[in-house]
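Sharing a sequence plus its predicted fold:
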Amino acid sequence: DAKTTQPNSMESNEEEPVHLPCNHSTISGTDYIHWYRQLPSQGPEYVIHGLTSNVNNRMASLAIAEDRKSSTLILHRATLRDAAVYYCILRGHNAGNMLTFGGGTRLMVKP
Amino acid sequence: GAGVSQSPSNKVTEKGKDVELRCDPISGHTALYWYRQSLGQGLEFLIYFQGNSAPDKSGLPSDRFSAERTGGSVSTLTIQRTQQEDSAVYLCASSPGQARSYEQYFGPGTRLTVT
């Protein structure tokens, strides 16, 4: 399976935008890029996913590099509730049907 | 609508006892997954059900672990002769299908403590 690399942790100030990076240099052409987050003491929560084009939904935006070897999850205005571990996950034809979680990025939001 | 539910939310058991953990997926979701998360660790895949197909059991850590899904809906994860290393949060997720473009919806988990 193609692997992802994320920073262990990041800090943000409340009400400011946050850009969470993910490197996936071995991504294949059919791999989808998924983002999940896990708030303290809760199960993971789906955030967004994309294949080639940038994507927007009510929670976040996903910017995918033209060569698809990296992507960035964008939270437009961080709130205290956004403090969580964010996981970047690739899902491809041969990856099985489960999600393979790495270490993720722990986002801390300061008031 | 209702999300994925799991019961019990917490379970404390003695080493050597059997436990059953229950998952009620979102209605209509054909795919169901079990994961576990040990303290301070990442999520680990256990087993996957898709419709009437044979389950993918490749993630089960030992033959003490088994799971079934009745009627394509509710699933039960059973751990026999529990060991202390089985202590973890057990998470269930469901999905509208198996396609890799689908998202998974997670339940709140069952925290299992083996004493």
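All right, it came through fine. Residues are numbered from 1 along each chain as shown, chains lettered A, B, ... in the order given.

Check whether residue B:34 really touches residue B:23, as I assumed.
Yes - between residue B:34 and residue B:23 there is a contact under C-beta atoms under 8 Å: 7.2 Å. C-beta here means a position set from N, CA and C on the backbone, and glycine is covered the same way.

which residues do the two both contact?
The contact sets of residue B:34 and residue B:23 overlap at B:75, B:77, B:92 (C-beta atoms under 8 Å, 6 or more residues apart in numbering or on different chains).

Surely residue B:85 is in a helix?
Yes - under DSSP: H, G, I helix; E, B strand; the rest coil, residue B:85 sits within a helix.

residue contacts, residue A:99?
Residue A:99 makes contact with A:34, A:36, A:44, A:89, A:91, B:33, B:35, B:43, B:45, B:93, B:104, according to C-beta under 8 Å, 6+ apart.

now do residue A:55
Residues counted as contacts of residue A:55 (C-beta under 8 Å, 6+ apart) are A:48-49, A:61-62, A:64.

Run the chain-centre distance for the helix or strand of chain B with the lowest mean pLDDT.
Least confident helix or strand of chain B, by mean pLDDT, DSSP states H and E, is strand B:43-50 with a mean of 92. Averaging C-alpha positions (C-alpha atoms, centre = their mean, to the nearest Å) puts strand B:43-50 7 Å from its chain's average.

Likewise for stretch A:70-89?
Per C-alpha atoms, centre = their mean, the centroid offset for stretch A:70-89 relative to its chain is 6 Å.

Report the buried residues of it.
Of all the residues in stretch A:70-89, those buried under the rule 16 or more other C-beta atoms under 10 Å in any protein chain shown are A:70-73, A:75, A:78, A:82-89.

Give the closest residue to residue A:23 in space, chain neighbours not counted.
Nearest non-adjacent residue to residue A:23, counting by C-beta to C-beta, 6 or more residues apart in numbering or on different chains: residue A:5, 4.3 Å away.

That neighbour: neighbour count?
13 (other C-beta atoms under 10 Å in any protein chain shown).

now swap in the one 5 residues further on and tell me
Burial measure for residue A:10: 16 neighbouring residues, criterion other C-beta under 10 Å.

in which helix or strand would I find it?
Element membership of residue A:10, judged by DSSP states H and E, is strand A:9-13.

Show the subsequent helix or strand relative to that strand.
Moving toward the C-terminus from strand A:9-13, the next helix or strand (DSSP H and E) is strand A:18-23.

counting contacts, what elements does that following strand pack onto?
Judged by 3 or more C-beta pairs under 8 Å, 6 or more residues apart in numbering or on different chains; DSSP states H and E, strand A:18-23 is in contact with strand A:9-13, strand A:70-75, strand A:84-91, strand A:105-110.

Out of the ones you listed, which gets nearest to residue B:9?
strand A:84-91 (20.1 Å; C-beta to C-beta).

now could you export just the CA positions of that closest one as CSV?
Once non-C-alpha atoms are left out, strand A:84-91 reads as follows in CSV (Å, rounded to 0.1, in the frame of the first residue of the first chain):
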residue,chain,number,x,y,z
ALA,A,84,-8.1,16.4,17.0
VAL,A,85,-5.8,13.9,15.3
TYR,A,86,-6.1,14.2,11.6
TYR,A,87,-5.3,11.2,9.4
CYS,A,88,-4.5,11.2,5.7
ILE,A,89,-5.2,7.8,4.2
LEU,A,90,-4.9,6.4,0.7
ARG,A,91,-7.4,3.9,-0.6
